[in-house]
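# Predicted coordinates and the sequence they were generated for:
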Amino acid sequence: MAKKQLLMEHLGKLILELGLKAGDRLPAERTLAEMLEVSRNTLRGILHTLEARGLVKIRPGSGCFLRTRITSSYGNPLDVHRPPEKVIADQLEAAYLVLPRVAAIAAQRISERQIDELQRCSVDLSRSIFQEHSEKVWNESLTFFHLVAAATGNDFLVRAVEQICSSDMAPYDHFFALERKDREAVFADHVKLLNALRARDEDWAGQIAEQYILRLCTILESGPDGALSDLMYRTLSDRRELESGRNG
């Protein structure tokens with residue numbers, strides 16, 4: 001395990017041992033550095049990481065304060081190092097719960113300039129697919145959904161989408177192992193969402209975003225990292241049963 005992760009775990013256990021609650025001040029920087037047996041610069045780096053995750057608030061001249069109660073989940077009080085399968089499953093579940101609503105709100109509020117930006121992003125995504133560069137495909141997809149979130153005009157929704165997409169989306173690791181028709185279907189979802197936003201059709205935008213996430217879940221399920229949450233597993237199963245009933 002990386003040194004920073006070990007220090008995070010040590011700090012989390014220390015917070016639990018001290019019985020600190022939301023709003024409580026952590027020990028002074030010098031004291032905390034001595035307790036963790038690290039330099040003050042190393043400690044500051046850790047605290048800034050925790051602040052970026054919303055777990056603490058650093059107030060210059062006053063100290064560092066907990067913003068939320070710390071619990072011992074996943075064997076790590078600060079929940080910094082989780083099993084990759086858990087991260088992927090949580091990421092897709094959160095995307096399924098959040099992105100369709102974000103897309104629907106964006107359809108209400110998106111400007112012509114933002115539609116033009118999404119159009120350019122779709123062109124760049126198409127080029128990345130043609131170049132068969134999986135990392136670029138993911139980066140352009142991330143940019144696409146960041147622009148969709150920005151169209152809501154709500155900074156908290158933008159941050160939520162950024163947080164959901166903060167880890168590489170595992171299905172894109174297998175993107176070019178897919179059959180061509182499946183790759184085209186993923187790209188087509190971006191185009192359909194763009195068209196729904198251009199039409200300012202909230203229901204359509206939400207449905208396409210939901211379809212997109214379920215498609216990624218299907219891709220992940222068929223790959224070597226096939227970890228899905230119970231919610232997503234049930235949702236896929238229900239969709240398949242429904243489609244089977246229609247075809248039957």
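Everything's here; your move.
# can you list the weak-confidence ranges in this protein?
1-2, 71-84, 166-174, 223-226, 248 (pLDDT under 70).
# Please, where are all the helices along the protein?
Assigned helices in the chain, in chain order: 3-18, 29-36, 40-52, 84-109, 112-130, 134-150, 155-164, 180-198, 202-222, 230-247 (criterion: DSSP state H).
# closest one to residue 61 among these?
Of all those, helix 29-36 sits nearest to residue 61, with 11.7 Å by CB to CB. C-beta coordinates here come from the backbone N, C-alpha and C atoms, glycine included.
# Flag every buried residue along the closest one.
32, 33, 36 (16 or more other CB atoms under 10 Å).
# can you check stretch 230-241 too?
Counting neighbours by 16+ other CB under 10 Å, one finds that the buried residues in stretch 230-241 are 232, 235.
# List the contacts of residue 132.
residue 176 (CB atoms under 8 Å, 6 or more residues apart in numbering).
# give me phi/psi at the residue nearest to residue 69 when sequence neighbours are not counted?
Nearest non-adjacent residue to residue 69, counting by CB to CB, 6 or more residues apart in numbering: residue 22, 5.2 Å away. Main-chain dihedrals, residue 22, degrees, to the nearest 10: phi -60, psi 130.
# Same list (the helices of the chain) but as a markdown table, adding distance to residue 62.
What follows is the helices of the chain, written out as a markdown table (distance: least, CB to CB, whole Å):
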| stretch | distance to residue 62 |
| --- | --- |
| helix 3-18 | 18 |
| helix 29-36 | 11 |
| helix 40-52 | 13 |
| helix 84-109 | 33 |
| helix 112-130 | 40 |
| helix 134-150 | 33 |
| helix 155-164 | 25 |
| helix 180-198 | 44 |
| helix 202-222 | 42 |
| helix 230-247 | 41 |
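# can you tell me which of those helices comes nearest to residue 64?
Nearest to residue 64 among the helices of the chain is helix 40-52 (5.5 Å), distances taken as CB to CB.
# contacts for the closest one?
If you take CB under 8 Å, 6+ apart as the criterion, helix 40-52 is touched by 4, 7-8, 11, 29-30, 32-33, 36, 38, 56-58, 64, 78.
# what do you get for stretch 237-248?
By CB under 8 Å, 6+ apart, stretch 237-248 touches residue 214.
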